Structure formats: structure tokens, C-alpha cells
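Asks: sharing a model that was predicted from the sequence below.
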Amino acid sequence: MKNITQLLAALLLIIFVAGTSYSQDGENPLLIVSSQKVKLADMGTVSSMMNEKMGPILNSLVDDGFLFSWGSFNHTWGDEWNMNIWYVTKDMSSFDSFWSEYMKRVDEQQKEAWAKMVDYIQEHKDNIYTITNQYPAPPQR
């Protein structure tokens, strides 16, 4: 039950703080979900690496305005995509800028950790969604 509560809390977080504002020209922000298949025995290791090594970099990218927000959620029940990371950006161009800067900072700060983390990933997929509705509306910056 605790895991279900944590998953629901993560999903509510996506909805509640998924972006701090809609773009001025009426475009809706994007929700990018990166899903990985990781062996169950390795989930703790990969989650720790993500939170301890990549988390500070992602936090700085939010602070520097490249992202509205990011987060992670792990499999509790459902399909085999058991390790997931989400990012919210203003639009596709912003996502491209964010990703370039993220990879640059990873290469400078956590190159070895990234390589180790990627080795645990058996399969990967990305989905990009347009946020069309959320309640409450995100706070304005």
C-alpha cells in the first residue's frame, strides 16, 4: 500500500507542479517520460544513482530555467517499464536545449556514473505528451 501511495503521490506531483507556467503564446508545456526496463534486483542501485548523481544536475537545470520540473517514479504494479523519469519543459525547442545542456553537465560532472547507470538499463523508450489540462493550474513565475 505504501508503494501505491508513493506512486500516486508522484503522479499527483506531475499534475500539480508539472510546469510553472504555460508559454505566453498559448502553447501548452510538454511532459517527457523516459521509461527503462531494469532488472528488479538492480532497481535500488539504479534509483540511488539517479537520485544521488543525476538528481543534483537536474535540480540545477530547473534552477537555471532549462526545465519547469523533473521527477522519477518506479514500478509498483503494471508493465515491465519499471524505472521512469519525467521532465516538463515549455516546448520541444526548450526540451532540445535542456537535453543538450544536461548531457554536457553529465559529461563534465558524472560521466562514469552515467555510463554505469546506462549499463543497468535493458531497454529504453521515450514518450512526449502535451499537457492539455491540469488542476490546479500551475503557479505563474
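Replies: On my side now, so go ahead.

Asks: only the buried residues of stretch 63-74, if you could.
Replies: 66, 67, 68, 69, 70, 71, 72, 73, 74 (16 or more other CB atoms under 10 Å). To be clear about C-beta, it is placed using only N, CA and C from the backbone, and glycine gets the same treatment.

Asks: and the helices in the chain?
Replies: If DSSP state H is used as the criterion, the helices of the chain fall at 2-17, 43-49, 55-63, 92-109, 111-120.

Asks: nearest to residue 78, out of these?
Replies: Shortest distance between residue 78 and the helices of the chain, using CB to CB, is found for helix 2-17: 9.4 Å.

Asks: in strands, which of the buried residues of stretch 63-74 fall?
Replies: Among those, DSSP state E puts 69, 70, 71, 72, 73, 74 in strands.

Asks: would you point out the most distant pair within those residues?
Replies: 69 and 74 (17.7 Å).

Asks: nearest spatial neighbour of the spatially most central residue of the chain, skipping sequence neighbours?
Replies: The centre of the chain sits closest to residue 86, judged by CA atoms, centre = their mean, with a distance of 2.4 Å. In space, residue 86 comes closest to residue 33 once its chain neighbours are excluded; the distance is 5.0 Å by CB to CB, 6 or more residues apart in numbering.

Asks: thought that neighbour was touching residue 124?
Replies: No - at 11.4 Å, residue 33 does not count as touching residue 124 under the criterion of CB atoms under 8 Å.

Asks: got any ranges where the protein has weak pLDDT?
Replies: For the chain, applying pLDDT under 70 flags the ranges 1-26, 138-141.

Asks: how many neighbouring residues does residue 53 have?
Replies: 17 (other CB atoms under 10 Å).

Asks: any idea how far residue 82 is from residue 52?
Replies: Relative to residue 82, residue 52 is positioned 19 Å away (CB to CB, to the nearest Å).

Asks: quick one, which of those two is more surrounded?
Replies: residue 82 (21 against 11).

Asks: check contacts around the closest residue in space to the more buried one that isn't next to it in sequence.
Replies: The spatial neighbour of residue 82 that comes closest, neighbours along the chain excluded (CB to CB, 6+ apart), is residue 75 at 3.3 Å. For residue 75, the contact set (CB atoms under 8 Å, 6 or more residues apart in numbering) comprises 43, 81, 82, 83, 84.
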